[in-house]
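1. please work out how this folds:
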Amino acid sequence: MRLLLRPAACCRAAFLALQPPHKSLLFFTAVFPSVRKMAHFLTEERGRPNSPDYRIYFKTSDGKHVSPFHDIPLYAADEQENGVPTKKRKSDDSEILFNMVVEVPRWTNAKMEIATKEALNPIKQDVKKGRLRYVANVFPHKGYIWNYGALPQTWEDPNHTDKDTNCCGDNDPVDVCDIGSKVCSTGQVIQVKVLGVLALIDEGETDWKIIAINTDDPDASTLNSIEDVRVKRPGQLDATVEWFRKYKIPDGKPENQFAFKGQYKDKDFALEVIKTAHNYWKALVQKQTKCGDIVCQNSSVGESPFRCSDADADAVVRGAPEYGESLPIPSEVDKWYFL
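-> Numbering: from 1, shown residues only. This is a model prediction of the structure:
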């Protein structure tokens, strides 16, 4: 394991807050290549970037390893003790704010995701047919067109048929598209304000896409609804629908379909989607529903039967390959597809 944060590194952490995300990441990882500070969490890299063994694990600021799926609170203002909020949720202009775990930074192609079927649920790159998965560049887009990630403590239950989409959940946390102007980094935990939701039907499964904006974004105070996005950012919502419709075509798959004829639902509808998925997650970690291959190991969730000791959590990370040199990204990742 590489060097962890020490008091001498505090000045570097402060430096991070003043720099654009991509520059600060380069500066910090040059000094501490396997440990990065993100909000109130640290991320610890294992394995070789751009390889199947690469993992990003999460830990609290006091060094306790946690699951980004189960231990990071859904609500951004929750302070938890044994998984139970100890303070009333804080609102920003009457808005409920949510934590978002960034999996894929905007303009990048590697399909990074929370590994729901691995202990402590690190972020890893998806693998299909033995090869790392990269999202194709469908003209005029380069990779993902927003910061893409997930809402912690949510789960789209594959055992439940949604009354609006008539399809079961996709067995993952709820996805989020952060339309803010900042380019984030993989493993970063940001606070977002929800604006609306798109109902993607991915290979017969309900795959909600929450549209949200980073609360640090200069436009966050003026974007309060999906209609605000439509008026103040013309073309962005249409581009998002087209992106999701076509992004699998270069892999030989058909166009994706949508519920509601591809129309966005408003913020209130999106909040209900999140609330429902949060309740499904609660049932999951309390062993009140079938979890299948999902690993519910966690470090802090109340009376969850899956709660583990700090020593057990540390052992998971120690058992992963040591951080190593990055492998090259295949040249074909830069290819453009004209559809």
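2. surely residue 121 meets residue 69?
-> Yes. Shown here, residue 121 and residue 69 form a contact pair, counting by Cβ atoms under 8 Å, at 4.1 Å. Backbone N, C-alpha and C define where each C-beta goes, glycine included.
3. overlap in contacts, those two.
-> Jointly contacting residue 121 and residue 69 under the rule Cβ atoms under 8 Å, 6 or more residues apart in numbering are residue 114.
4. who has more neighbours, the two?
-> Ranked by neighbour count (other Cβ atoms under 10 Å), residue 121 and residue 69 place residue 69 first, with 31 against 28.
5. quick one: the helices in the stretch 201-339 of the chain?
-> Taking DSSP state H, counting those that start in this stretch, the helices of the stretch 201-339 of the chain run over residues 226-232, 236-246, 267-285, 310-318.
6. and the residue nearest the centre of this structure?
-> residue 149 (2.5 Å; Cα atoms, centre = their mean).
7. partners of that one in the sheet?
-> Residue 149 forms beta bridges with residue 102, residue 176, as assigned by DSSP bridges.
8. check contacts around it.
-> By Cβ under 8 Å, 6+ apart, the neighbours of residue 149 are 100-104, 175-176, 178.
9. again, only using 7 Å
-> 100-103, 176 (Cβ atoms under 7 Å, 6 or more residues apart in numbering).
10. looking at the helices of the stretch 201-339 of the chain, which is nearest to residue 210?
-> Relative to residue 210, the nearest member of the helices of the stretch 201-339 of the chain by Cβ to Cβ is helix 267-285, separated by 5.7 Å.
11. in that closest one, what counts as buried?
-> Across helix 267-285, burial judged by 16 or more other Cβ atoms under 10 Å covers 267, 270-271, 273-274, 276-278, 280-282, 284-285.
12. what residues does it touch?
-> 70, 74, 151, 153-157, 160, 174, 194-197, 208, 210, 225-226, 289, 291, 294, 296, 298, 301, 304, 306.
13. rerun at 8 Å
-> Contacts of helix 267-285 (Cβ under 8 Å, 6+ apart): 70, 74, 96, 98, 151, 153-157, 160, 169, 173-174, 194-197, 208, 210-211, 224-226, 288-289, 291, 294, 296, 298, 301, 304, 306.
14. now residue 158, nearest residue through space, not along the chain?
-> Excluding its sequence neighbours, the residue lying closest to residue 158 (Cβ to Cβ, 6 or more residues apart in numbering) is residue 171, at 4.4 Å.
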